[in-house]
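Visitor: Let me see the structure of the following:
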Amino acid sequence: MSRNKTADECRFAKMIGTNMKYLRLRKGFSPMKVLAGHIGMTHQQVAKYESGKNIPCAYRLTQIADFYKVKTDDLINPDFIHCQSKTPQDAGYLKPQKDIGSYEEVGPEVEAMLNEHN
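Guide: Now for the predicted structure:
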């Protein structure tokens, strides 16, 4: 006998599925059969996980995490994709731009520079 999932369970299932799909596409595995074959399940079941229809058990989560070389915590982290897709500035590769202040503070300097070039 199956029961309907609560709204929280549905969101959790979708989040895990989205993280799984992100990892699969990031690794360049277009068909779900690669993961399915590696962990011994059908590609239909993997599709159900990715779509959020089913939630993988703890054992399957560890298998999936091992396959993609991530932690199981990453699969259940709602911010995982956001953390993985940071811009270079977010990741600290670019220095943030200096706040130059308001126009009133820098206006005369900018106008002087513009007048020099004209």
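
Visitor: Would you state the strands of this structure in chain order?
Guide: Taking DSSP state E, the chain contains no strands at all.

Visitor: Just list the residues touching the residue nearest to the spatial centre of it, thanks.
Guide: Against the mean C-alpha coordinate of the chain, by C-alpha atoms, centre = their mean, the closest residue is residue 81 at 0.9 Å. Contacts for residue 81 (C-beta atoms under 8 Å, 6 or more residues apart in numbering) come out as 18-19, 22. Backbone N, C-alpha and C define where each C-beta goes, glycine included.

Visitor: What score does residue 24 have for pLDDT?
Guide: The confidence metric pLDDT takes the value 89 at residue 24.

Visitor: For it, which non-adjacent residue is spatially closest?
Guide: residue 35 (6.5 Å; C-beta to C-beta, 6 or more residues apart in numbering).

Visitor: cool, and residue 62?
Guide: Take residue 62 and drop its neighbours on the chain: the residue closest to it by C-beta to C-beta, 6+ apart is residue 72, 5.6 Å away.
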